[in-house]
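**Q** fold the following, please.
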Amino acid sequence: MRSRETRSPPPETIHAHGLRQWWLDLSLRVKGLIVVAVPLIALMGIISANLVLQQGESNERNISTNARNLGDAAAQVVTDMANAETGVRGYAATRDPIFLAPYTLTLTRIGADRKALQQAAVVAGVGRQQQTVDATTGGVLVELAQLRSASSGGTSARNLLPALLNEKTTMDRLRAQVAALAAAPNAVVAVQRDKVTTLQTRIELLDIAGLVLALLAGLAGVALFTSGIASRVRMNAENARRLGEGEPLEPIIPAGDEIGRLSDSHLRAERLLARRSAELTAARDAAIQATQAKNSFLSSTSHELRTPLNSILGFAQLLQMSELSEEDRDGVERILGAGRHLLALINELIDIARIESGDLGLSLEPVLVRPVIEECSRLMAPIAAERSIQIIRDRANPALAVFVDRHRLAQVLVNLISNAVKYNHRNGTITISYAEQSTDQVSIVVTDTGPGLAPDDLERIFIPFERLGAEQTEIEGTGIGLPLAKALTEAMKGHLTVSSVLGQGAAFTVSLTRAPDLIHIPAPSPAPASPAAGPHAPPGAGLTVLYIEDNPANVEVIARFLRSRPNTTLVSATTGRAGLACALRDVPDIILLDLNLPDLNGDQVLNELKADPATAAIPVVVLSADASRGVIHRLLAGGALAYLTKPVELAELAELLDSFTWLRDQRARLAIPIVPA
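**A** This next block holds a predicted model:
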């Protein structure tokens, strides 16, 4: 978290004046109305003017169209009548019926033409003139009918001459009437054409002016929006980002609108966060100090608790190895069980403290799932058998692997299986299955047939020391197994979840990152034990053990233990310097080394032993209450033969000494010098 104690001073205030300040103080609603209304009013004005001009143009075009229709209709009547006249005259001169074709065609069309002329005249307002033309048209038709009849009856051309002259006179009158009728519309068409042209020019100019005005109005709206809203919103967004990241705010312009009030809120939040940051920093420092003190206390307490536990479990193991009555043996086993349970509790508390402080060392690497499940199942099988609980293991893909710390994964599964045993019914079952949850996830599920959990308890079980009332029953536990399992799983970049149905049991799912499949290599069958592999195998030669330890009780435990081993001599030293001197003087076969010594640290003693050619070949076994994996790896890398954590399991120490003695004797027979691994 970034500290805010060193933040820059509050941002400088920029002041506006006059019209700009008036604009900034308007509310966003009023600003929005103005920004929208300015271009909208301009657009509506332009559209209205354009509509008026277009309506005028449409009216003028209609007048021109009506006048043109009238002229066209009158011209069509004259044309039809002229065709009819020509046909009848040709027939009268030749008596050839073929000349009557135009006349006949005119008779079929003249009715429609006269009607069209009538309609056009009514629209144009010259009905009286149209009636005169229509009457003359009728007269021409009558005269043409008479000429045709006379010609068909055999009247000579000389006798038809008067009738032809009369018909020509009537036709000339029709032409004059039609010309007079069409004269006015033609003049109207010319005038209207000029008007339409003028209106089109005005519309074009108005469109150009409208575009310019709309552009100016749009630019004005954009300018108003940008200056009054957009730029200030952007500035507030930037200040909000700066506020979240602990950076100084940008200068702002005070205003009375909503954005101005938001800017004021940012300033107040800046000051509040500065105070809160200072408080949180102080609280964080105090928490760090408290965590460090707690971890130091736990580490110190762990060592202090392990020291008496080493004596308790050591002497109890010595008693267990001696001849005892059944009752006494049962008592010793109870002491050992209680002591080991206390040791496990101490280890779990230390693990939780390390996880909280981030000091938990993990070695994440591809690990096969199936062997870990089988190992944990075998480890917990005796405990489950005491309650007739069967552990069923899934035998799915044997090559399935996950990225985990193998030791910690085993610790998680042991906790889950132990929990499933404790809270299961007698004669129940525990099923351990594993499968691919997705392309990059693997799930391991531990399911029991116990009483199950209520929905409200599914999260509470992961709270340290929360046992949901089980502390009032005979079920043993401390309430930190599941929280530790969850913390360890999350430290390995996974997650632990639980699902349950009351009366049907619970299922704990460990989801972990999948690793590429690995080839499963079965563990080799144990080889037959060598003659010296037994706990009391007679060595070929005496064994001298140097124990560098400042705690008399721990020395007494090892001394009593070694007394039961033939030809074994113990030399002890209570300080690092004294131990180095004994190693140079006595040259023991093997050295047992404690890490916490009054004068030197165990690392220093080991380094000096390995640096001196006279003692470099002496195997060193570290016995320490510090179970940190980093410390163990460091000491082993520094040349230690083995690392046993206190309280020491005497059987494990006996096996180590027997193996070393047997190896030493074999090499002695072959004249091979002993060089520690």
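**Q** quick check: phi and psi on I558?
**A** phi -70, psi -40 (degrees, to the nearest 10).
**Q** quick one: secondary structure of A283?
**A** The three-state label given to A283 by DSSP: H, G, I helix; E, B strand; the rest coil is helix.
**Q** what confidence value was assigned to it?
**A** What the model reports as pLDDT for A283 is 85.
**Q** how many other residues sit next to it?
**A** A283 has 11 neighbouring residues, counting by other CB atoms under 10 Å. To be clear about C-beta, it is placed using only N, CA and C from the backbone, and glycine gets the same treatment.
**Q** cool, and the one 4 residues further on?
**A** A287 is flanked by 11 other residues according to other CB under 10 Å.
**Q** cool, and I391?
**A** I391, neighbours per other CB under 10 Å, totals 21.
**Q** that one: what's it in contact with?
**A** S377, M380, A381, A384, I417, T429, I430, I432 (CB atoms under 8 Å, 6 or more residues apart in numbering).
**Q** and the fifth one, helix, strand or coil?
**A** Of the three states, I417 takes helix according to three-state DSSP.
**Q** these two touch, right, it and I430?
**A** Yes. The pair I417 / I430 is scored as a contact, 6.4 Å apart, by CB atoms under 8 Å.
**Q** list residues touching both of these two?
**A** A384, I391, V446.
**Q** relative to V571, which of the residues you listed is nearest.
**A** Using CB to CB, A384 is the member of the shared contacts of I417 and I430 that lies nearest V571, at 45.2 Å.
**Q** any idea how far R370 is from S388?
**A** 25 Å (CB to CB, to the nearest Å).
**Q** neighbour count winner among those two?
**A** Remark: of S388 and R370, R370 carries more neighbours, 18 against 10, as counted by other CB under 10 Å.
**Q** checking my notes, the more buried one in a strand, right?
**A** No. Assigned with three-state DSSP, R370 falls outside any strand and is helix.
**Q** in which helix or strand would I find the closest residue to it other than its chain neighbours?
**A** Nearest residue to R370, sequence neighbours excluded (CB to CB, 6 or more residues apart in numbering): P398, at 5.1 Å. For P398, there is no host helix or strand (DSSP states H and E).
**Q** correct me, but P398 touches E374?
**A** No. With contact defined as CB under 8 Å, P398 does not count as touching E374 (10.2 Å).
**Q** let me see the contact set for the most centrally placed residue in the chain.
**A** Central residue of the chain (CA atoms, centre = their mean): D440, 16.3 Å from the mean position. Counting by CB under 8 Å, 6+ apart, D440 makes contact with T513, R514.
**Q** next, the residue nearest to L70 when sequence neighbours are not counted: secondary structure please.
**A** Distances taken as CB to CB, 6+ apart put A120 closest to L70, at 4.0 Å, once the chain neighbours are dropped. Taken by three-state DSSP, the conformation at A120 corresponds to helix.
**Q** could we number from 16 for the rest of this?
**A** Will do, 16 is the new start, and the previous item becomes A135.
**Q** list the contacts for A135?
**A** N81, N84, L85, D87, A88, A89.
**Q** just S326 next, same as before
**A** S326 touches N566, A568, N569, E571, V572, counting by CB under 8 Å, 6+ apart.
**Q** buried subset of those residues as a ChimeraX selection?
**A** Here is the ChimeraX command that selects the buried residues among the contacts of S326 (16 or more other CB atoms under 10 Å):
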select :566,569,572
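**Q** can you redo the contacts of S326 as TSV with pLDDT?
**A** Listed next are the contacts of S326 as TSV, based on pLDDT from 0 to 100:
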residue	pLDDT
N566	84
A568	82
N569	84
E571	86
V572	85
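**Q** closest one of the contacts of S326 to E348?
**A** For those, the nearest to E348 is V572 (17.8 Å; CB to CB).
**Q** report the distance from whichever strand or helix holds that closest one to the chain centre.
**A** Element membership for V572 (DSSP H and E) is helix 567-578. When C-alpha coordinates are averaged (CA atoms, centre = their mean, to the nearest Å), helix 567-578 and its chain have centres 60 Å apart.
**Q** kindly report the same for stretch 658-665.
**A** 48 Å.
**Q** which other residues reach it?
**A** 321-322, 324-325, 327-329, 332-333, 336, 354, 358, 569, 572, 576, 636-642, 647, 650-651, 667-668, 671.
**Q** re the thing from before, look up how far R129 lies from the residue nearest to L85.
**A** Counting by CB to CB, the gap from A135 to R129 is 11 Å.
**Q** before we move on, what about D673?
**A** 141 Å.
**Q** please apply the same query to R299.
**A** 108 Å.
**Q** and the two? which has more neighbours close in?
**A** Neighbours were counted for R299 and for R129 using other CB under 10 Å; R129 has more, 19 against 13.
**Q** how about the helix or strand that contains that one: buried residues?
**A** R129 belongs to helix 116-139 when assigned by DSSP H and E. Buried positions in helix 116-139, judged by neighbour count with 16+ other CB under 10 Å: 117-118, 121, 125, 128-129, 131-133, 135-136, 138-139.
**Q** let me see the mean pLDDT of that helix.
**A** Rounded mean pLDDT across helix 116-139 is 82.
**Q** how far off centre is it?
**A** On CA atoms, centre = their mean, the centre of helix 116-139 falls 84 Å from the chain's centre.
**Q** cool, and stretch 389-408?
**A** 41 Å.
**Q** start and end of it, how far apart?
**A** 7 Å (CA to CA, to the nearest Å).
**Q** tell me which stretches of the stretch 216-365 of the chain form helices.
**A** 246-260, 273-336, 341-372 (DSSP state H, counting those that start in this stretch).
**Q** so what's the gap between the first one and the chain middle?
**A** What that stands for is helix 246-260. 24 Å.
**Q** may I see the buried residues of it?
**A** For helix 246-260, a neighbour-count test (16+ other CB under 10 Å) marks R247, M250, N251, N254, R257, L258 as buried.
**Q** now the third one: how far from D279?
**A** In this structure, N251 and D279 are separated by 10 Å, where distance is defined by CB to CB.
**Q** now the strand or helix carrying Q70: average pLDDT?
**A** Here Q70, judged by DSSP H and E, is contained in helix 43-109. Mean per-residue pLDDT for helix 43-109: 75.
**Q** on contacts alone, who are the packing partners of that helix?
**A** helix 116-139, helix 142-167, helix 172-240 (3 or more CB pairs under 8 Å, 6 or more residues apart in numbering; DSSP states H and E).
**Q** lowest average pLDDT across those?
**A** Among these, helix 172-240 scores lowest, at a mean of 73.
**Q** quick revisit: need the contacts of I406 in CSV with neighbour count, distance to R188 and pLDDT, can you?
**A** CSV is the format used below for the contacts of I406 (neighbours: other CB atoms under 10 Å; distance: CB to CB, whole Å; pLDDT from 0 to 100):
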residue, neighbour count, distance to R188, pLDDT
S392, 18, 130, 88
M395, 21, 133, 85
A396, 14, 135, 86
A399, 20, 134, 87
I432, 25, 128, 89
T444, 16, 127, 91
I445, 24, 127, 91
I447, 21, 124, 91
